[in-house]
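Visitor: Below is the sequence, then the predicted model.
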Amino acid sequence: MYRMRFSHYVAGILFFAASASLISCAPKFGKRTTAGTRILIVGDSIAWGQGLNKDEKTPALLSNAYKLNGEPTPSVDSLAQSGAIVGTPSPTSLPTPANGEIPNSDPTVNYQVRKALNSKVHYDVVVISGCANDVGFQNFVWPIRDENGTLNRLTEDYCFTALGDLLRYVRDNFDNDTRVVVTAYYPMLSHSSRPPSLQLAVTYIESLLPKSRKNLANETKALAKELSSNCAWAGACNAEEHSLHFAFRSTCDIVRAAEDADGIATPTCDQNQEPLNGAAYNSQIAAMNDAAMKAMQGKKIQVAIPQIPVERAAFVPNHDSGDSWIWGAKINVLNLDPTDELETISKRNTANCQNGVFCRIASIGHPNRCGEIAYANAIMRVLNIDRSKPLPLAINPPKCAG
């Protein structure tokens, strides 16, 4: 997901209107079967499920929902890549796929879509996530007010324009009965985040970066300084405002992009109604979700907005006990030694990553097990709109607060 440069970012409507009595058309790709739903997932680290075990990721959660509903287990193909950017409409090269957990801007989301199309497989559902890496981590978390509108411009360029171009391509090139679900983002930080913990995390990251990435070390050091000078231990800070700003604006632009691709003339999202605090954010995101689902009912492209409240952001108190739905880092103040669950991720990925530590820290700010459930449920709520027998939503385990 997040291109910090911490992290290196679907059908076509083909109508055969031979007569007014024509009620079906042949698929462009593959052969439809009765064996179960076929789902494609493309996108960034949110789509990939950064830092999660296979049985904790959205494909597994979706599969389980279909099984609990007494339906055949769906086939879920994921081409997602951590760090993927939306990218250019026509890639000139075909990148060798990286290990999905290792942040890399390639293969781009555009390339992932084209790879799926080249497979000639019929997909019933396509799930897409992308644009945050194009905007860049440093631009939506940096705790300095965006006086020049840089964040607004970048979000408009990538979460509306670039993503919108991709959605229109998807609309025009997959089977006309393929449903497209594009997911939105969430606030990484909030007023409940504890700046000292984040500052220690930044310091730890800096100490372990290879010499070739010392420019990032300087950036993170400046970030830590700004956090310590602008944030009180238990108070709100500009980093929270910037994170909320990106979460709201990107969600709004993603909704606008989907509605535009769907041909909805009047957008349901008002960019000028930006929340000023966490409570307002929770309320407005819930309202935006309800409005978007109503406006897009019966449409080809729909938006899944995860309901992750600001109180569940990264670095909140007791994040390791389930209060947070976003990966953070529990760091020992004396020796800066990580002792949280991400340690196991580092060990699992060391063989596939030149810098195992980088693989671990790349998970910070992504949905953990609890947050992933919120994402899967958002997708299922969209899929349930037109289903006579709704898919059962995943239930948060006891560890997930709220």
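Guide: Received, thanks. All values derive from a computational prediction rather than experimental measurement.

Visitor: For the stretch 251-400 of the chain, just list every one of the strands.
Guide: Using DSSP state E, counting those that start in this stretch, the strands of the stretch 251-400 of the chain run over 301-304.

Visitor: Correction: the previous question concerned the stretch 1-150 of the chain.
Guide: Using DSSP E, counting those that start in this stretch, strands in the stretch 1-150 of the chain cover 38-43, 75-78, 125-129.

Visitor: okay, the ones you listed in a markdown table with mean pLDDT next?
Guide: Output for those, formatted as a markdown table (pLDDT from 0 to 100):
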| stretch | mean pLDDT |
| --- | --- |
| strand 38-43 | 97 |
| strand 75-78 | 96 |
| strand 125-129 | 98 |
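
Visitor: Export those strands as JSON lines, with columns for distance to Asp323.
Guide: For the C-beta atoms, the positions are set from N, CA and C on the backbone; glycine is no exception. What follows is the strands of the stretch 1-150 of the chain, written out as JSON lines (distance: least, Cβ to Cβ, whole Å):
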{"stretch": "strand 38-43", "distance to Asp323": "27"}
{"stretch": "strand 75-78", "distance to Asp323": "29"}
{"stretch": "strand 125-129", "distance to Asp323": "25"}
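
Visitor: For Leu154, find the nearest of the ones you listed.
Guide: Leu154 sits nearest to strand 125-129 of all the strands of the stretch 1-150 of the chain, at 17.2 Å, using Cβ to Cβ.

Visitor: can you list contacts of the closest one?
Guide: 1, 10-11, 37-44, 46-47, 58, 80, 109, 113, 116, 166-167, 170, 174, 178-183, 304, 379, 383 (Cβ atoms under 8 Å, 6 or more residues apart in numbering).

Visitor: can you tell me which residues contact Leu391?
Guide: 62, 65-66, 68-69, 380, 383-384.

Visitor: repeat that with 10 Å
Guide: 62, 64-66, 68-69, 71, 376-377, 379-381, 383-384 (Cβ atoms under 10 Å, 6 or more residues apart in numbering).

Visitor: Just among the residues you listed, which is most surrounded?
Guide: Neighbour counts for the contacts of Leu391 (other Cβ atoms under 10 Å) peak at Ala376, which has 27 neighbours.

Visitor: which residues sit in contact with that one?
Guide: Shown in contact with Ala376 (Cβ under 10 Å, 6+ apart): 49, 56-62, 64-65, 127, 304, 306, 367, 391, 393-394.

Visitor: The same query, at a cut-off of 6 Å, please.
Guide: 58, 61, 394 (Cβ atoms under 6 Å, 6 or more residues apart in numbering).

Visitor: cool, Ala162 as well?
Guide: Val86.

Visitor: Now do the SS call for it.
Guide: What DSSP: H, G, I helix; E, B strand; the rest coil gives for Ala162 is helix.

Visitor: how about the nearest residue to Ser192, chain neighbours excluded?
Guide: Closest residue to Ser192 apart from its sequence neighbours, by Cβ to Cβ, 6 or more residues apart in numbering: Val316 at 4.2 Å.

Visitor: need the longest helix for this structure.
Guide: In the chain, taking DSSP state H as the definition, the longest helix is helix 238-262.

Visitor: Report the inter-axis angle for that one versus strand 125-129.
Guide: With axes from the mean of the first three to the mean of the last three Cα atoms, to 10 degrees as the basis, helix 238-262 and strand 125-129 are set at 140 degrees to each other.

Visitor: re earlier: identify, from the contacts of Ala376, the entry nearest to Asp323.
Guide: Distance to Asp323 across the contacts of Ala376 (Cβ to Cβ) is lowest for Ala394, with 18.9 Å.

Visitor: pretty sure that closest one contacts Gly371?
Guide: No. Taking contacts as Cβ atoms under 6 Å, Ala394 lies outside contact range of Gly371: 11.8 Å.

Visitor: higher neighbour count, the two?
Guide: A side-by-side neighbour count of Ala394 and Gly371, using other Cβ under 10 Å, places Gly371 first with 23 against 20.
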